[in-house]
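> from the sequence below, what's the structure:
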Amino acid sequence: MDDLDKKILGELQRDSRSSFTKIANRISVSTATVSERVKRLVEKGIICGYTAVLNTSEMGLVTLITMIKTKPGYSMEEVGKGIAKLDESCCIHHVTGDFDLLAISKCVGHDKCGAVIEKIKEIEGVESVDAELVLKTLKEELKVEL
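Here you go, the predicted structure:
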């Protein structure tokens, strides 16, 4: 990935609805170059999709953060895949520290958070779950500096 790819990715992060022509004009290259580069970035798995970024707090959703410890002999990946199947799951990370996995979920109300915690506990290989509810989100975005 070179500087041109980073410029294209930066433009797509700012507005993924921008046409390749608009992006090309902003970074002073041809539309064909942007199109070819984006196609290559998709093929490499660097661009995974395009989506609308929602302010879930304004929508009344509660953010649930769960830290999961797996039982000895169980695959963290398999447990993570089980958590990923839950509709409320947004992010799952294999982490260092006292826990093996960190999962972020978005729930419609606090009661739903409790149900999600119980669903996670039922996944084979889960030893323990520690959960936190987010009271207020100060910053949440998927943009990264390239």
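> quick check: domain ranges of the protein?
3-43, 61-133 (automatic domain parsing).
> average pLDDT for the longest one, rounded please.
What domain 61-133 shows for mean pLDDT is 96.
> so how far is the first residue of that domain from its last?
Using CA to CA, to the nearest Å, the end-to-end distance of domain 61-133 comes to 11 Å.
> likewise stretch 138-146?
Start-to-end, stretch 138-146 (CA to CA) is 22 Å.
> again with stretch 19-33
Start-to-end, stretch 19-33 (CA to CA) is 13 Å.
> centre of the chain to that stretch, how far?
Mean-position distance between stretch 19-33 and its chain equals 27 Å (CA atoms, centre = their mean, to the nearest Å).
> can you check stretch 36-49 too?
The answer for stretch 36-49 is 17 Å, by CA atoms, centre = their mean.
> longest strand in this protein, please.
In the chain, assigned by DSSP state E, the strand with the most residues is strand 61-70.
> angle of the following helix or strand past that one against strand 61-70?
For strand 61-70, the following helix or strand on the C-terminal side (DSSP states H and E) is helix 76-84. Put simply, helix 76-84 runs at 150 degrees to strand 61-70, going by axes from the mean of the first three to the mean of the last three CA atoms, to 10 degrees.
> tell me which helix or strand comes right after helix 76-84.
Trace forward from helix 76-84 with DSSP H and E and the next one is strand 89-94.
> count of neighbours near the closest residue to residue 125 other than its chain neighbours?
Using CB to CB, 6 or more residues apart in numbering and skipping residues adjacent in sequence, the residue nearest residue 125 is residue 74, 3.2 Å away. To be clear about C-beta, it is placed using only N, CA and C from the backbone, and glycine gets the same treatment. Residue 74: 15 surrounding residues under other CB atoms under 10 Å.
> for residue 68, same thing?
26.
> residue contacts, it?
Going by CB atoms under 8 Å, 6 or more residues apart in numbering, residue 68 touches 79, 83, 99, 100, 101, 102, 103, 120, 126, 128, 129.
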